[in-house]
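Participant: The following comprises the amino acid sequence and a computationally predicted model.
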Amino acid sequence: MNRLRFSQGSIPYAFLPLTILSYGLLIPWLGFYWDDWPFAWISHFLGPAEFIRAFLPFRPFLGPIFFLTTSLFHESPLAWQIAALIVRFLLVFTAWRLFSILWVNHKRQVLTISLLLLVFPGYSQHWVAFTHINQELIPLISYLASFFITAWGVKNNERYLPATITALMLMFWGLFTTEYYIGLEPLRFLMLWFLVRELSTEYHSRMILTLKLWLPYLILWIFNGIWLFYYYRSGVYQSYEVAAFDFLRSYTLTEIGREIINTLTTAGFNAWIQTFRLITQIPDNLSKVLPIVLVLFSFPLISIYLYKLNLNQSSEKRWGLQMIFVGIFAILLGRLPSWAANLPITLQSSYDRFMVSMMIGSCMLLAGLIEFFIRNEKIKILTISLVITLGIGQQFNNANIFRHDWAKQKEILWQFYWRIPSMEPGTLILTHQLPLDYETDLSFTAPLNWIYAPKVIPPELPNVLLFTEKRLGGPTLPELKTGIPVTIRYRTVSYHGSTSNALVIFVPSSGCLRVMDPIYANGKVYEKESKFLTDAIPLSNPSRILVDSIPPDLPRSLFGDEPAHTWCYFYEKTELARQKGDWSNVVALGEEALAQGYKPTDPFEWLTIIEGYARTDNVEAAIQISRNSLQADPKFRKGLCNLWGRVLDSTDQANVEEMATTIMADIGCFS
């Protein structure tokens with residue numbers, strides 16, 4: 001072990017296993033999230049070339065990147081997750097090469113920044129791969145490569161002109177494709193300032209030379225600013241409202257100061273501090289144990305590697321102080337685009353995607369703090385190793401959250417498949433929300449159309465899902481009344497429908513998907529739920545479900561193999577049988593589920609089986625289940641009263657009337 005040494009050439013090979021440990025362990029169980037679904041839908045049904053047109057109202061130069069990548073990876077979640085792994089490796093490799101050419105005599109410090117960048121825990125959106133590879137990570141690689149080529153051209157004066165042209169081209173694809181990195185360009189000036197120290201030590205001549213070297217990039221940067229200013233005000237742009245720097249006029253100095261402090265605190269410190277929860281929380285389940293195991297596994301390996309790495313191990317407080325100031329500056333520059341759009345930055349949410357433009361600054365700041373305050377080399381290596389391993393554990397924890405979300409998505413989609421074999425085109429699917437963290441209503445519209453409109457003919461979008469909690473009162477869904485036209489622009493296709501063609505669904509956090517309706521699952525039955533749900537129920541028209549249709553074949557690469565037929569399968573099939581009026585099949589399916597040991601987790605799911613028993617002359621069983629379920633959950637009473645009142649109104653058998661009246665009296669329906 002004492003003779004073991006690693007050379008600088010081993011560093012790229014070290015990045016690869018660390019990338020896999022951080023981002024690759026769970027990729028077979030990860031899928032699509034947020035805008036991934038619409039992008040996959042476009043790729044499959046409209047073709048990769050459609051992205052050129054689809055991005056014209058948003059980021060017109062981004063379309064070609066989507067065209068190229070989707071032509072390679074198509075709509076396979078596994079392919080995109082593997083691609084994200086490769087892109088992550090390329091990102092850290094590009095950054096390391098850039099930092100290495102800037103700080104030739106600080107190889108260990110350069111490696112520290114690079115490793116921190118690899119695991120940066122403030123950015124948790126890596127697994128939204130289809131979206132963020134194209135929209136953020138590929139442009140960032142291009143932009144960092146532009147910085148590297150600029151530095152290389154300065155150091156190799158005979159190649160300066162071709163290097164500058166290449167760097168400008170890479171800058172274009174890093175800057176014009178997305179507005180995320182528009183604030184970072186002053187870092188190039190700072191980089192050039194450091195580089196020209198070798199060429200000129202006198203301040204005035206050094207400044208003139210730096211400005212001269214930066215001038216081509218400054219011109220392109222200004223041109224990009226003019227382009228964005230024009231584009232955002234041209235009427236073509238259809239995304240976030242951007243007020244440029246109007247916020248500087250509307251904010252007081254105190255508010256600006258507070259925002260600066262919040263940005264530095266969140267991106268510079270809290271992003272790293274949050275990782276310590278992995279080792280301070282009580283590991284009461286496997287999901288909390290596994291990140292700790294990964295940390296314990298990684299820490300000694302990384303420590304040994306860094307300790308045995310044959311690099312310049314000297315400490316330099318001056319370099320550390322320099323990095324502290326550069327890191328703070330870079331964080332604030334990276335915050336400018338999202339601040340201009342009046343968008344927050346919060347950890348462990350979709351808003352932490354804005355950290356992608358601040359993470360380089362955050363890594364520089366932390367590396368500078370470690371270098372400045374820790375003098376002992378062994379303690380320094382142990383500190384760096386601990387931070388990196390905690391970052392690995394945090395990213396594994398993030399991946400596990402996305403894994404759960406993907407499993408829940410497929411669970412819900414298969415329940416749709418079981419309950420709704422087919423539906424009339426033009427259906428407006430309404431619900432207040434879904435128990436999912438990483439999908440919006442319009443993103444989840446894509447898989448639903450994948451199931452129910454496999455032969456879509458553009459530019460029409462057959463069906464759409466809307467969250468009333470988000471859309472009600474806006475231009476999309478002004479009010480919950482029949483006959484209200486609903487028009488949705490979905491990239492290059494459009495939905496044209498009406499609230500008269502609505503189907504209201506409800507997916508509880510613990511329970512199975514339900515199709516709501518004014519008779520069996522109305523607002524009185526579900527009065528404890530959100531008004532955004534119950535107020536929509538009168539619009540629900542279950543006749544839009546084509547109950548006798550043959551369900552389509554679902555692509556297993558997207559939806560997985562059909563899950564085992566546990567309780568929710570039988571529940572959805574009893575609901576479908578009830579809609580057909582086949583009460584005998586309702587009872588048969590319910591008894592089959594019970595015989596296999598399955599039963600509801602939500603007592604409301606007993607309603608269909610209770611009514612099945614009541615309508616097939618087994619009223620005693622219906623009464624027994626009613627009493628047991630009411631005892632388990634008293635809020636179930638309104639649902640039972642609604643059910644037994646319906647049975648009472650529909651029967652002409654004296655014994656059934658008597659027993660229905662008795663149970664209604666017993667459970668307090670007449671009080």
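Facilitator: Great, that's in hand.

Participant: remind me which residues of the stretch 1-150 of the chain are low pLDDT?
Facilitator: Judged by pLDDT under 70, the stretch 1-150 of the chain has its weakly predicted residues at 1-3.

Participant: Oh, that last question was meant for the stretch 201-350 of the chain, not what I typed.
Facilitator: The stretch 201-350 of the chain contains residues with pLDDT under 70 at 234-250, 312-315.

Participant: which residues of this structure fall in strands?
Facilitator: Under the criterion DSSP state E, strands of the chain are mapped to 428-431, 464-467, 485-490, 493-498, 502-506, 514-515.

Participant: which one of these lies closest to I256?
Facilitator: Of all those, strand 464-467 sits nearest to I256, with 34.5 Å by C-beta to C-beta. No exception for glycine: its C-beta is placed from N, CA and C like everyone else's.

Participant: Just the mean pLDDT for that closest one, thanks.
Facilitator: The average pLDDT within strand 464-467 is 97.

Participant: Output the strands of the chain as CSV; include the columns mean neighbour count and distance to N449.
Facilitator: Formatted as CSV, those follow (neighbours: other C-beta atoms under 10 Å; distance: least, C-beta to C-beta, whole Å):
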stretch, mean neighbour count, distance to N449
strand 428-431, 25, 10
strand 464-467, 23, 8
strand 485-490, 16, 9
strand 493-498, 17, 9
strand 502-506, 25, 14
strand 514-515, 24, 18
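
Participant: Reformat those strands into CSV and put distance to M171 next to each item.
Facilitator: Below are those laid out as CSV (distance: least, C-beta to C-beta, whole Å):
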stretch, distance to M171
strand 428-431, 44
strand 464-467, 39
strand 485-490, 32
strand 493-498, 34
strand 502-506, 48
strand 514-515, 53
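
Participant: For N134, find the nearest of those.
Facilitator: Per C-beta to C-beta, nearest to N134 of those: strand 485-490, 18.3 Å.

Participant: What is the closest one packed up against?
Facilitator: helix 441-452, strand 464-467, strand 493-498 (3 or more C-beta pairs under 8 Å, 6 or more residues apart in numbering; DSSP states H and E).

Participant: now with 6 Å?
Facilitator: When contacts are defined as 3 or more C-beta pairs under 6 Å, 6 or more residues apart in numbering; DSSP states H and E, strand 485-490 packs onto strand 493-498.

Participant: before we move on, back to that, minimum distance to A40: which of the strands of the chain has it?
Facilitator: With C-beta to C-beta as the criterion, A40 lies closest to strand 485-490 of the strands of the chain, at 13.4 Å.

Participant: What pairs with that closest one, parallel or antiparallel?
Facilitator: strand 493-498 (antiparallel) (DSSP bridges).

Participant: quick one: the partner strand to helix 441-452, angle?
Facilitator: Interaxial angle, strand 493-498 versus helix 441-452 (axes from the mean of the first three to the mean of the last three C-alpha atoms, to 10 degrees): 90 degrees.

Participant: how far is the helix ranked longest in the chain from where the chain is centred?
Facilitator: If you go by DSSP state H, the chain has its longest helix at helix 377-419. Centre-to-centre, helix 377-419 and its host chain are 12 Å apart (C-alpha atoms, centre = their mean, to the nearest Å).

Participant: so what secondary structure elements neighbour it?
Facilitator: Contact here means 3+ C-beta pairs under 6 Å, 6+ apart; on that basis helix 377-419 packs against helix 11-23, helix 107-119, helix 286-308, helix 567-580.

Participant: Could you identify which of the ones you listed is most buried?
Facilitator: helix 107-119 (a mean of 24; mean count of other C-beta atoms under 10 Å).

Participant: Show me what that helix is packed up against.
Facilitator: For helix 107-119, the packing partners by 3+ C-beta pairs under 6 Å, 6+ apart are helix 77-102, helix 359-373, helix 377-419.

Participant: For that helix, C-alpha coordinates in PDB please.
Facilitator: In PDB, the C-alpha atoms belonging to helix 107-119 read as follows (Å, rounded to 0.1, in the frame of the first residue of the first chain):
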ATOM      1  CA  LYS A 107      -3.500  20.200  -9.900                       C
ATOM      2  CA  ARG A 108      -4.900  18.900  -6.600                       C
ATOM      3  CA  GLN A 109      -7.100  22.000  -6.200                       C
ATOM      4  CA  VAL A 110      -8.300  21.700  -9.800                       C
ATOM      5  CA  LEU A 111      -9.200  18.100  -9.100                       C
ATOM      6  CA  THR A 112     -11.100  19.200  -6.000                       C
ATOM      7  CA  ILE A 113     -13.300  21.600  -7.900                       C
ATOM      8  CA  SER A 114     -13.900  19.000 -10.600                       C
ATOM      9  CA  LEU A 115     -14.900  16.300  -8.100                       C
ATOM     10  CA  LEU A 116     -17.200  18.700  -6.300                       C
ATOM     11  CA  LEU A 117     -18.800  19.600  -9.700                       C
ATOM     12  CA  LEU A 118     -19.400  16.000 -10.400                       C
ATOM     13  CA  VAL A 119     -21.400  15.300  -7.300                       C
END
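
Participant: pLDDT at I388, what is it?
Facilitator: On pLDDT, I388 comes in at 97.
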